[in-house]
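*Asks:* here is my input, please return the structure:
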Amino acid sequence: MSAEETFSVDLRDAASLRTELTQLADRASARLRAGGMVAGTVTVKIRRGDFKTFTRQRRIEPPSQDTATLSRIALALLSDWLRAQPDAAVRLLGVGCSDLRAAGGQADLFAPTAATAATAPTARLDAAVDDIRRRFGAGVLMRASRLQRGSS
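*Replies:* Residues are numbered from 1 along each chain as shown. From the prediction side, this is the model:
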């Protein structure tokens with residue numbers, strides 16, 4: 001499952017790229033939850049203005065459908081890529097989720113319980129956002145993490 005966006009003009013500003021990527025991670029994680037799946041791998045797809053395409057991926061342990069987790073990993077992958085290509089003009093961004101499994105499977109006996117407890121509030125938040133969007137439309141609610149810092 002994935003979400004990607006092709007821009008009408010190339011983006012060069014790192015803050016704009018991070019904002020767009022956060023939105024894409026939000027869409028991809030909502031699709032995971034709607035399908036009752038969790039992802040074991042997050043992939044970021046980046047296409048420059050010259051149409052050269054790059055992908056970066058990272059495994060998730062334990063697998064997740066949590067928006068905050070997927071966003072954090074996708075943003076780290078983008079940041080690593082931007083360090084190597086600081087002035088790149090980006091035409092397309094995408095966030096993909098793979099190594100999919102059914103959500104709610106057997107819990108990992110050795111998984112730290114603090115990590116599981118920490119995701120409970122974000123799971124409730126994701127469920128509330130998904131419910132509002134389902135009832136009133138996708139454009140009715142935007143996460144604050146999509147806003148660029150310093151904008152008013």
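*Asks:* find the nearest non-adjacent residue to the residue positioned nearest the centre of the chain, please.
*Replies:* Geometric centre of the chain, nearest residue: Ala25, 2.0 Å, by CA atoms, centre = their mean. Excluding its sequence neighbours, the residue lying closest to Ala25 (CB to CB, 6 or more residues apart in numbering) is Ser71, at 4.1 Å. C-betas here are computed from N, CA, C, even on glycine.
*Asks:* do you know how far that neighbour is from Arg18?
*Replies:* Distance of Ser71 to Arg18, computed by CB to CB, to the nearest Å: 9 Å.
*Asks:* neighbour count for these two, which is higher?
*Replies:* Under the criterion of other CB atoms under 10 Å, the comparison of Ser71 against Arg18 puts Ser71 first, with 24 against 21.
*Asks:* any idea how far Asp87 is from that one?
*Replies:* Note on Ser71: its distance to Asp87, by CB to CB, is 24 Å.
*Asks:* then Pro63?
*Replies:* 35 Å.
*Asks:* those two: who's more crowded?
*Replies:* Pro63 (22 against 6).
*Asks:* may I ask which helix or strand encompasses that one?
*Replies:* Pro63 is part of strand 53-64 when elements are defined by DSSP states H and E.
*Asks:* so for the next helix or strand after that strand, what gets flagged as buried?
*Replies:* Next along the chain after strand 53-64, taking DSSP H and E as the criterion, comes helix 67-84. Applying a neighbour-count criterion of 16 or more other CB atoms under 10 Å, the buried positions in helix 67-84 are 67-71, 73-75, 77-78, 81-82.
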